[in-house]
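Chemist: Just need the structure, nothing else, for what follows:
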Amino acid sequence: LFGAIDPLYTTNGITWIPLSAETYWQIRMDSVSIGGKGIACAFGCQAIVDTGTSLLAVPDRALSAILSILGANSNGEISCSAASRLPSIVFRINGKAFPVPPSAYVMESNGYCTVGFQGMDVPTESGELWILGDVFIRE
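Modeler: Residues are numbered from 1 along each chain as shown. Predicted coordinates:
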């Protein structure tokens with residue numbers, strides 16, 4: 001739909017978030033938590049919302065923590081039978097919680113399951129940078 005929003009394609013409406021930089025769809029993210037515990041971006045960080053990125057691209061240090069908490073190996077592989085019991089990952093942006101459930105971040109292919117995260121380190125003047133790709137946007 002060009003130039004408008006069709007409410008038939010949203011379940012929770014639209015949340016408007018101010019851009020922190022106009023070079024990309026860059027925003028300030030408040031924190032990232034799992035099970036109510038902060039795991040990354042504790043003092044705020046930058047994030048780009050990008051439809052051209054399939055996964056969630058996160059700083060390497062945060063990726064290690066996330067994989068450990070979820071019980072995935074270093075390649076992001078996880079037991080498919082455990083996938084439905086995994087917690088949501090909550091991205092707090094502009095004071096609002098955006099939970100991403102395991103049904104969105106666990107991908108199954110040929111009987112193998114992986115989590116939809118990839119590591120990257122792109123420091124900015126204001127700290128770490130995350131790319132919230134399709135795994136986040138679909139939710």
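Chemist: So what does Gly3 have for phi and psi?
Modeler: Recorded main-chain torsions at Gly3 are phi 90, psi 10, according to degrees, to the nearest 10.
Chemist: which secondary structure elements does the lengthiest strand in the chain contact?
Modeler: Secondary structure of the chain per DSSP state E: the longest strand is strand 26-34. Other helices and strands packing on strand 26-34, by 3 or more CB pairs under 8 Å, 6 or more residues apart in numbering; DSSP states H and E, are strand 37-40, strand 45-49, helix 60-70, strand 89-93. All C-beta spots, glycine's among them, are computed from the backbone N, C-alpha and C.
Chemist: so how far is stretch 116-134 from its chain's centroid?
Modeler: Its chain's C-alpha centre lies 10 Å from the corresponding centre of stretch 116-134 when counted by CA atoms, centre = their mean, to the nearest Å.
Chemist: Tell me which residues are up against the longest strand of the chain.
Modeler: By CB atoms under 8 Å, 6 or more residues apart in numbering, the residues outside strand 26-34 that reach it are 17-20, 38-42, 44-49, 62, 66, 69-70, 87-95, 130.
Chemist: could I have it exported to CSV, CA atoms only?
Modeler: Output in CSV follows, covering the C-alpha atoms of strand 26-34 (Å, rounded to 0.1, in the frame of the first residue of the first chain):
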residue,chain,number,x,y,z
GLN,A,26,18.3,4.3,12.9
ILE,A,27,16.7,4.5,16.3
ARG,A,28,17.8,4.5,19.9
MET,A,29,17.1,1.2,21.7
ASP,A,30,16.7,1.3,25.5
SER,A,31,17.6,-2.3,26.4
VAL,A,32,17.4,-6.0,25.5
SER,A,33,16.2,-8.6,28.0
ILE,A,34,15.3,-12.2,28.4
